[in-house]
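In: predicted model and sequence below, questions to follow.
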Amino acid sequence: MNLRYRTFTLADIPAAHALSQEFGWKHRLEDWRFSADTALGFVAQAGDVVVGTAMCWKYGEDRASLGHIIVSSRLQGRGIGRGLMERVLQELDPRITFLHATAAGKPLYEKLGFSECGLLEQYQGNVGKSVPIALLDGERLRAGSPADFPYLIELSARACGLERPALLSALLREGESVVIEREGEIIGFSVQRRFGLGHVIGPVVAQHARDDDRAKALIAYWLAAREGDFIRIDVPSGTPSGTPSGTRLTDWLSKQGLMRVDVCPKMVRNASAQAHRGAPDPVFRLYGLVSQAML
């Protein structure tokens, strides 16, 4: 087999999209383009055919994430996934690097030095009748505006521990945002955008509150606007030991018509897994991810 590895280009988007469809991914061509515009990627090519992909996102001076790691089903077991991973990790070392693993991919990631540090729950479905969440006195929801974007990017960095202004700027331009405001200060926000079969909500960032009502209000805003539509949200849910992460969203999301369809481990490399369990910030929490790949 004449196999070679090279950098991912925009011309590879249709082939990458076809590979992802082979595994039942619902990504659109536009979703792949957003990833390609914000990431560095590699492909494995057999002759003229793209048979594997991997992408990475660099955050700040010392963090990164991995995703979109796919190898054609007819060529699995030949070391192509490892070859892609080795090239991505060579690009990223010595950054602290995160990924969300599939059951099939986890053994390879462990061999490459990744350790499990958390969990993610994927919820999706067609939205039922959503009931608005009452906020505390003095708090209100309003649409986000470009003037808010620098502060929303700062809040996101606090909540997830990642400096990623370029990615968040692109995301905020691509989607719509809503904020919670108290006495003129923004204390939470969420973003929704077109993705896959419908829309995705994320990130969701808010000051921690009893019963996580601020996060629920930020999500319910979009659910009310998208009644009957297909919605997805990826929720960080806890640690490998099963310790709760402090979010009470999961049962509530099920009541809104969004069913849990997947649970996958979050893994880290070049750092202690123990150091990356739990919330990075004591005040602002991350309740919904941008995506499994981008965190």
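Out: Yes, it's here. Residues are numbered from 1 along each chain as shown.
In: going forward, measure contacts and count neighbours with C-alpha atoms only.
Out: Fine.
In: check the offset of the host helix or strand of Ala170 from the chain's centre.
Out: Assessed by DSSP states H and E, Ala170 sits inside helix 165-174. With CA atoms, centre = their mean, to the nearest Å as the basis, helix 165-174 stands 13 Å off its chain's centre.
In: in terms of secondary structure, what does that helix contact?
Out: Judged by 3 or more CA pairs under 8 Å, 6 or more residues apart in numbering; DSSP states H and E, helix 165-174 is in contact with helix 149-160.
In: list the buried residues in whichever helix or strand comes after the helix holding Ala170.
Out: Using DSSP H and E, the helix or strand that follows helix 165-174 in sequence is strand 176-182. Neighbour counts over strand 176-182 (16 or more other CA atoms under 10 Å) mark Glu176, Ser177, Val178, Val179, Ile180, Glu181 as buried.
In: any idea how far the second one is from Leu218?
Out: Ser177 sits 9 Å away from Leu218 when distances are taken as CA to CA, to the nearest Å.
In: what do you get for the fourth one?
Out: Between Val179 and Leu218 the distance, using CA to CA, works out to 7 Å.
In: quick check: neighbours shared by the two?
Out: By CA atoms under 8 Å, 6 or more residues apart in numbering, Val179 and Leu218 have these common neighbours: Leu141, Gly188, Phe189, Ser190.
In: next, the closest residue to the second one other than its chain neighbours: phi, psi?
Out: Excluding the flanking residues, the one nearest Gly188 by CA to CA, 6 or more residues apart in numbering is Ala206, at 3.8 Å. Note on Ala206: its backbone torsions stand at phi -160, psi 150 [degrees, to the nearest 10].
In: work out for me the element Arg260 sits within.
Out: strand 259-269.
In: check which helices and strands that strand is in contact with.
Out: Against strand 259-269 (3+ CA pairs under 8 Å, 6+ apart) you get strand 96-100, strand 115-126.
In: who are the packing partners of the very next helix or strand once past it?
Out: Following strand 259-269 in sequence order, the next helix or strand is strand 284-288 (DSSP H and E). Identification of packing neighbours for strand 284-288 by 3+ CA pairs under 8 Å, 6+ apart yields helix 149-160, strand 198-207, strand 230-238.
In: might you report the residue contacts of the residue nearest to Gln274 when sequence neighbours are not counted?
Out: Closest residue to Gln274 apart from its sequence neighbours, by CA to CA, 6+ apart: Cys117 at 6.6 Å. Cys117 makes contact with Thr239, Pro240, Pro265, Lys266, Met267, Val268, Ala273, Gln274, His276, Arg277 under the criterion CA under 8 Å, 6+ apart.
In: let's test this: name the helix or strand in this structure with the lowest mean pLDDT.
Out: helix 249-255 (a mean of 88; mean pLDDT, DSSP states H and E).
In: for that one, what is the distance to the chain centroid?
Out: On CA atoms, centre = their mean, the centre of helix 249-255 falls 19 Å from the chain's centre.
In: flag every buried residue along it.
Out: Buried residues in helix 249-255, counting neighbours by 16+ other CA under 10 Å, are found at Leu249, Thr250, Leu253.
In: Throw those into JSON lines and include distance to Gly202, thanks.
Out: As requested, the buried residues of helix 249-255 are exported to JSON lines (distance: CA to CA, whole Å):
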{"residue": "Leu249", "distance to Gly202": "14"}
{"residue": "Thr250", "distance to Gly202": "15"}
{"residue": "Leu253", "distance to Gly202": "14"}
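In: closest one of these to Glu61?
Out: Proximity of those to Glu61 (CA to CA) peaks at Leu249, which lies at 32.2 Å.
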